[in-house]
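Asker: Okay, sequence plus prediction incoming.
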Amino acid sequence: MFDRDRKVRTSKALWIPIVWMLLAVVASKWLQSAPRNAIDQLEGNPLQRSIFTGLLAIGVIVLVGRGRKVLTLLRMNGPILLFFSYCAVSTLWSDYPDVAFKRWIKALGDLVMAMIILTDPEPLAALKRFLARIAFLLVPVSILLIKYYPDLGLAYRFQDGRQVFVGVTNDKNMLGVICLLFGLGAAWRVLHALREPQHSRSKRPLIAHGVILAMVFWLFWKANSMTSLACFVLASGLIVATSLPALARKRAVVHLLVATMLTVASLALFLDVGTGLVETLGRDPTLTGRTELWKEIVGMTGNPWFGTGFESFWMGPRLDKIWSEHWWHPNEAHNGYLEVFLNLGWTGMILLGVVIVTGYRNAIGMLRRDPKAGGLMLAYFVVGVIYSFTEAGFRLLNPVWITFMLGAIAVPKGPVPGTSGARDSLTDVAAQNVELRKLKANRFGEIARYKSPSGSLGQ
């Protein structure tokens with residue numbers, strides 16, 4: 001209610017990516033899809049599979065209906081399409097090609113959902129509502145479960161029985177992801193609401209997103225997810241910095257700022273100079289056992305150039321062997337780049353590198369054309385790159401991967417063929433749609449003035 005703008009109309013299809021993202025966050029808990037053994041990992045959850053398949057089918061129908069706008073977007077994003085195409089081909093050498101291909105179909109849904117948002121008639125408004133609707137649901141409900149329904153909102157670590165806060169999710173790290181992604185969206189809305197002129201500033205969005213932001217801080221404190229918190233601090237600083245027009249126009253300064261963030265994160269996590277900083281954040285130098293796992297699994301890929309096939313490493317005998325040696329039963333590498341290497345080999349890593357390079361160029365281009373939307377897109381892009389240092393961010397149904405693609409996908413600079421002529425930014429697209437509606441209303445009024453009393457058009 002506080003965030004509703006009745007003057008802006010977004011497509012009803014926006015609910016498809018909203019539901020997709022909600023399920024990506026909470027499915028493992030509420031649909032009981034977490035595998036108990038290696039056989040469960042292969043078979044998956046039939047209910048979850050049916051729901052995601054239905055959403056994907058509806059999403060494809062929506063994109064087909066948007067015709068040339070979608071084709072233009074696809075032509076502009078060849079590297080992403082090439083990466084997904086290679087993922088599809090890699091299912092052929094998987095030990096379980098049918099399972100790998102089903103997972104690729106589901107992964108394709110992440111791209112479809114991002115495109116539904118970006119091809120909406122009001123893309124900037126669609127992005128705002130996408131983030132707001134999810135945040136207004138997941139953040140307050142997580143607090144409700146933690147405070148009043150501890151059987152659902154709390155969990156206990158198997159190794160030491162320590163209490164952890166999970167909210168609507170299945171583990172504290174996913175709760176941290178909710179705080180990270182949707183907290184950034186709330187911070188972005190609060191910042192730009194404060195920068196509006198005093199006479200035109202609406203207090204309702206400021207109050208709504210300010211409350212969500214306060215809730216996010218409380219959940220960060222409870223969740224103790226340091227990766228998400230560190231990414232939130234860095235990305236928030238980037239949003240604030242790029243909101244300054246003088247800085248946003250200086251591309252070299254933005255490049256330096258992003259490079260500094262990536263360097264600090266890399267040094268803190270992987271080199272000895274960062275050991276003290278990691279310990280200061282409350283983590284041991286092995287990143288809670290991650291580095292030991294990395295050394296063990298890096299040699300289990302078989303073919304280093306092509307990997308084990310899309311989403312195929314954590315299946316079958318390999319998974320049985322790893323689980324027999326680790327009581328905590330890992331089902332991911334806890335590093336997005338290593339995860340890609342295990343499944344897709346060096347070829348996949350090279351293609352991912354191309355996606356990152358071109359995606360950064362696209363995010364910087366968006367920042368130049370539309371600083372308001374571009375600041376958030378760049379922040380989500382940087383979050384995807386840094387978060388994947390210690391978590392499997394580049395993976396299907398991972399919310400970080402979905403928002404990373406929102407930042408990395410190139411959008412048209414000028415009019416899209418077959419449309420009424422959109423301008424060169426998300427903001428301008430929304431503005432032009434409003435102008436077109438006003439123009440149609442004016443034309444209708446002019447025709448009405450020429451009507452004769454009998455109701456026929458005047459001669």
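Answerer: Everything's here; your move. Residues are numbered from 1 along each chain as shown.
Asker: check which helix or strand covers residue 8.
Answerer: In the assignment (DSSP states H and E), residue 8 maps to no helix and no strand.
Asker: actually residue 382, not the one I wrote
Answerer: helix 371-387.
Asker: Which other helices and strands does that helix contact?
Answerer: helix 123-148, helix 172-194, helix 226-242, helix 245-248, helix 251-270, helix 336-369, helix 399-408, helix 426-449 (3 or more Cβ pairs under 8 Å, 6 or more residues apart in numbering; DSSP states H and E). The way it works is simple: take the backbone N, C-alpha and C, and place the C-beta from them, glycine included.
Asker: Those helices: lowest mean pLDDT?
Answerer: Mean pLDDT is lowest for helix 426-449 out of those, coming in at a mean of 50.
Asker: And stretch 148-159, what's buried?
Answerer: 152, 153, 154, 155 (16 or more other Cβ atoms under 10 Å).
Asker: make that stretch 314-323, sorry
Answerer: 314, 315, 316, 318, 319, 322, 323.
Asker: Show me those residues that map onto helices.
Answerer: 316, 318, 319, 322, 323 (DSSP state H).
Asker: Residue 10: which of these is nearest?
Answerer: residue 319 (42.0 Å; Cβ to Cβ).
Asker: count of neighbours near the residue nearest to residue 323 when sequence neighbours are not counted?
Answerer: Spatial nearest neighbour of residue 323, excluding adjacent residues (Cβ to Cβ, 6 or more residues apart in numbering): residue 329 at 4.9 Å. Residue 329 has 16 neighbours, counted by other Cβ atoms under 10 Å.
Asker: which residues touch residue 404?
Answerer: For residue 404, the contact set (Cβ atoms under 8 Å, 6 or more residues apart in numbering) comprises 359, 380, 381, 383, 384, 385, 393, 394.
Asker: I figured the residue nearest to residue 323 hits residue 320, correct?
Answerer: No. Residue 329 lies out of contact with residue 320 (Cβ atoms under 8 Å); the separation is 10.6 Å.
Asker: most centrally placed residue in the chain?
Answerer: Nearest to the geometric centre of the chain sits residue 403, at 2.0 Å (Cα atoms, centre = their mean).
Asker: so how far is residue 409 from it?
Answerer: 11 Å (Cβ to Cβ, to the nearest Å).
Asker: cool, and residue 202?
Answerer: Distance from residue 202 to residue 409, by Cβ to Cβ: 30 Å.
Asker: for residue 22, same thing?
Answerer: 21 Å.
Asker: Give me the more crowded residue out of those two.
Answerer: residue 409 (23 against 17).
Asker: Count the neighbours of the nearest residue to residue 114 once chain neighbours are set aside for me.
Answerer: The shortest distance from residue 114 to any non-neighbouring residue, by Cβ to Cβ, 6+ apart, is to residue 405 (4.5 Å). Summarising burial for residue 405: neighbours were counted as other Cβ under 10 Å, giving 24.
Asker: hey, C-alpha coordinates of stretch 233-251 in PDB?
Answerer: C-alpha atoms of stretch 233-251 as PDB (Å, rounded to 0.1, in the frame of the first residue of the first chain):
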ATOM      1  CA  VAL A 233      28.400  -3.300   2.600                       C
ATOM      2  CA  LEU A 234      30.500  -3.100  -0.600                       C
ATOM      3  CA  ALA A 235      27.500  -3.000  -2.900                       C
ATOM      4  CA  SER A 236      25.700  -0.300  -0.800                       C
ATOM      5  CA  GLY A 237      28.800   1.800  -1.000                       C
ATOM      6  CA  LEU A 238      28.900   1.400  -4.700                       C
ATOM      7  CA  ILE A 239      25.200   2.400  -5.000                       C
ATOM      8  CA  VAL A 240      25.900   5.500  -3.000                       C
ATOM      9  CA  ALA A 241      29.000   6.400  -4.900                       C
ATOM     10  CA  THR A 242      27.300   6.000  -8.400                       C
ATOM     11  CA  SER A 243      24.300   8.000  -7.300                       C
ATOM     12  CA  LEU A 244      26.500  11.100  -7.300                       C
ATOM     13  CA  PRO A 245      26.200  12.500 -10.900                       C
ATOM     14  CA  ALA A 246      29.800  13.900 -10.900                       C
ATOM     15  CA  LEU A 247      31.200  10.500 -10.100                       C
ATOM     16  CA  ALA A 248      28.900   8.400 -12.200                       C
ATOM     17  CA  ARG A 249      29.900  10.400 -15.400                       C
ATOM     18  CA  LYS A 250      33.600   9.600 -14.700                       C
ATOM     19  CA  ARG A 251      34.000   6.000 -16.100                       C
END
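Asker: Thanks a lot, catch you later.
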